[in-house]
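S.K.: Model the following, please.
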Amino acid sequence: MLLHAQTSLLLLVDLQDKLLQTLPPAPRNAMLGVIQRLARCSQILAIPQLATAQYPQGLGAVREEFRQSAATVLEKTAFSCHRDPAIRQWLEQHAGRRQVVLVGVEAHICILQTALDLQSHGWSPVVVEDACAARDPAHGVNAMMRLRQAGVCIANGESVLYEWLGDAAHPAFKTLAPFLR
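M.R.: The predicted structure follows:
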């Protein structure tokens, strides 16, 4: 499946400091860099973004840079974003956009359950492998293996950006060029 900016949504899952601090520093920083590029480019390309916060009373707010990039931030307690009524409603408000690009934490919990639920309800989830992480890297590897076995599309951040553009002649190509390096 090829991604298209006109049919994509970006779902920023649980990018909260208390969760992020549990990740090993090097993979966390690399992941955040990819997510920041995707979030900025999706803004430029007018791709709707939603940020989720898992139990913010205990885990804190979504990081400031992602609260600013996403037009909407919704709280949840369900591990699968799709099981939350407010998130389902947000998705349905964008029903013409069936490709849901997933980034965030943790790969083997909320990302995995969200992708599988979305797929079973007729959406086309795309999990950005280098924009997801888990406290235990082996859990992240296992999650990607399970998702592949279930037929979920696994991508990388650079591929997503180039697919959203589709052509070097795209009007936003020069604007996005710094993010493509």
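
S.K.: Okay, strands next: where are they in this structure?
M.R.: 8-13, 49-54, 72-76, 99-105, 124-133, 153-155 (DSSP state E).

S.K.: Same list (those) but as TSV, adding mean neighbour count, distance to residue 91 and mean pLDDT.
M.R.: C-beta: built from backbone N, CA, C; applies to glycine. Listed next are the strands of the chain as TSV, based on neighbours: other CB atoms under 10 Å; distance: least, CB to CB, whole Å; pLDDT from 0 to 100:
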stretch	mean neighbour count	distance to residue 91	mean pLDDT
strand 8-13	26	7	99
strand 49-54	24	8	98
strand 72-76	17	11	96
strand 99-105	26	7	99
strand 124-133	24	11	99
strand 153-155	18	17	99
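
S.K.: Could you dump those into TSV and include distance to residue 164?
M.R.: Below are the strands of the chain laid out as TSV (distance: least, CB to CB, whole Å):
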stretch	distance to residue 164
strand 8-13	7
strand 49-54	13
strand 72-76	20
strand 99-105	9
strand 124-133	11
strand 153-155	11
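
S.K.: ok, which stretches of the chain are helices?
M.R.: 17-20, 25-44, 56-59, 64-69, 85-93, 112-120, 137-149, 157-165, 173-176 (DSSP state H).

S.K.: Show me what counts as buried in the fourth one.
M.R.: Okay, so that is helix 64-69. Neighbour counts using 16 or more other CB atoms under 10 Å place 66, 69 of helix 64-69 among the buried residues.

S.K.: what does the third one give?
M.R.: Neighbour-count burial for helix 56-59, with 16+ other CB under 10 Å as criterion, is recorded at residue 56.

S.K.: Remind me what that helix packs against, helices and strands.
M.R.: Counting contacts by 3 or more CB pairs under 8 Å, 6 or more residues apart in numbering; DSSP states H and E, helix 56-59 packs against helix 17-20.

S.K.: who touches the helix it packs on?
M.R.: Identification of contacts with helix 17-20 by CB atoms under 8 Å, 6 or more residues apart in numbering yields 28, 32, 54, 58-60, 63, 105-106.

S.K.: from these, which is closest to residue 172?
M.R.: Within those, the smallest distance to residue 172 is 22.9 Å, found for residue 32 (CB to CB).

S.K.: State the number of residues packed around the closest residue in space to the closest one that isn't next to it in sequence.
M.R.: Nearest residue to residue 32, sequence neighbours excluded (CB to CB, 6 or more residues apart in numbering): residue 20, at 7.5 Å. Using other CB atoms under 10 Å, residue 20 has 20 neighbouring residues.
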